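Novice: below are the sequence and a predicted model for it; my questions follow.
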Amino acid sequence: MPDLFDTAVSSSAPAASRPLADRLRPAALSEVIGQDKLLAPDGPLGAMLASGSLSSLILWGPPGVGKTTIARLLADASDLTFVQISAIFTGVPDLRKVFDTAKLRRSQGGGTLLFVDEIHRFNKAQQDGFLPHMEDGTIVLVGATTENPSFELNAALLSRAQVLVLERLTPAHLERLAQRAEKELARALPLRPEAREAILEMADGDGRALLNLIEQVAAWKVDKPLSTEALGQRLMRRAAKYDKSGDEHYNLTSALHKSVRGSDPDAALYWFARMLEGGEDPRFLARRITRMAVEDIGLADPQAQTICLHAWEVYERLGSPEGELALAEALAYLALAPKSNAVYAAYKAARASARKTGSEPPPKHILNAPTGLMKDQGYGAGYAYDHDAEDGFSGQNYFPEGMKRPVFYQPVERGFERELKKRIEWFAKLRNKRQS
């Protein structure tokens, strides 16, 4: 019975019976495609191997970019026994067995590279269980995760391991992989050039997915190379990678928001479409779009908020997919609207000032005096009724007595805030005139 903790396919299995992805597994780090920044002589892993000192690592990257392969080859290059477990299927008793075996191996002069797939699925206590064995050298931990380690892994574990980011495979990388597959299969794929590009797109940066697609195509018996249309009829397009509660959700939300802030409606609509295609709730997008109007357009275009709220209401009335067009229209409007975060900045500055002076009372002249006692205390004394003042502006002080007058709101020279800036400057002149 094979070892529970080592999932390597037996080398004695006939090559033809093994999946193509396994047959093409690189035999050396130099054969790994797409991760040159890490594996180059002056890259993090290249430098570690050259120095003969491999530290514990967290490999963070999307599926199918070589995390497992790199871990296995690092063990070979460092003369360590490769042990693989998955956080999905491994419990505390299994971990104890792994650590005990690693201790025995160490007492006999050997070392262990423990590869933990989906390491972010271990809870805090399980993650803490690795620490003493990392510190005393029982194991070199190499964890793999598709989620942001900053959010998913304990600070104690991260402090003892170096996080390395693996990149999504580009079309050029996938083409190299396809050529290797054709060499292994000893025949070219029966695809027209445009269909070949289409299958690379279907893989969506995932090398393992590409090899699975190629394996399907290579098994077909066809008389002539297939067109893109014929390929699409035989293969289902792979769903885009999108986790509505994970790192990809936050990445695409950030891309959407920054595209609007950067006044690029095309990019904004692209990321909006990507999120919808991934299954995002349009109500989340409606809320986020409205937030953009408040945060990034503000009073430079006071209509923006109203347009977003109306689009949200239209979506609620029409539902999908028609209602999503209203959200797209609001999004395009925001991208092309004049931008200002002046009120947002003023609000944050006012909150900070309020925290510092939170106990200061208002000046007495702007307090109501409904009782005689309050009048005796000076409440309301000297209050100037602005409607009776010249220009409808008294210029009185409305901040706590003794507090230096701050300036929070500074409108920009864009959109409607140009007019607001003129008003602020006019009132400032009147205030100086009244107080002089």
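Specialist: On my side now, so go ahead.

Novice: any weak-confidence spans in the protein?
Specialist: 1-17, 236-247, 436 (pLDDT under 70).

Novice: of all residues in it, which one is nearest the centre?
Specialist: Asn251 (2.8 Å; C-alpha atoms, centre = their mean).

Novice: next, it: phi, psi?
Specialist: phi -60, psi -50 (degrees, to the nearest 10).

Novice: tell me the secondary structure for the residue nearest to Arg434 when sequence neighbours are not counted?
Specialist: Closest residue in space to Arg434, ignoring its immediate chain neighbours: Gly395 at 3.2 Å, by C-beta to C-beta, 6 or more residues apart in numbering. For the C-beta atoms, the positions are set from N, CA and C on the backbone; glycine is no exception. With DSSP: H, G, I helix; E, B strand; the rest coil as the basis, Gly395 sits in coil.

Novice: for the longest helix anywhere in the chain, what is the distance to the chain centroid?
Specialist: Under DSSP state H, the helix in the chain containing the largest number of residues is helix 417-435. Distance of helix 417-435 from the chain centroid (C-alpha atoms, centre = their mean, to the nearest Å) equals 43 Å.

Novice: what's in contact with it?
Specialist: Contacts with helix 417-435, where a contact means C-beta atoms under 8 Å, 6 or more residues apart in numbering, come from 298-300, 338, 340, 342, 389, 391, 393-396, 409, 411-413.

Novice: again, only this time at 6 Å
Specialist: Leu299, Ala300, Ser340, Phe393, Gly395, Pro411 (C-beta atoms under 6 Å, 6 or more residues apart in numbering).

Novice: identify the residue nearest the fourth one in space, chain neighbours excluded?
Specialist: This means Phe393. That would be Leu430: by C-beta to C-beta, 6+ apart, it lies 5.1 Å from Phe393.

Novice: with Arg423 as the reference, measure out to the one you found.
Specialist: 11 Å (C-beta to C-beta, to the nearest Å).

Novice: which of those two has more neighbours?
Specialist: Leu430 (17 against 10; other C-beta atoms under 10 Å).

Novice: what's the burial count for Gly382?
Specialist: Neighbour tally, Gly382, other C-beta under 10 Å: 10.

Novice: now do the same contact list for it.
Specialist: Contacts of Gly382 (C-beta under 6 Å, 6+ apart): His365.

Novice: mind listing the strands for the chain?
Specialist: 57-60, 81-86, 112-117, 140-145, 162-165 (DSSP state E).

Novice: distance of Ala352 from Ala342?
Specialist: Counting by C-beta to C-beta - Ala352 and Ala342 are separated by 16 Å.

Novice: so between those two, which is more surrounded?
Specialist: Each of Ala352 and Ala342 has its neighbours counted (other C-beta under 10 Å); Ala342 has more, 20 against 10.

Novice: contacting residues around the more buried one?
Specialist: Gln410, Pro411, Val412.
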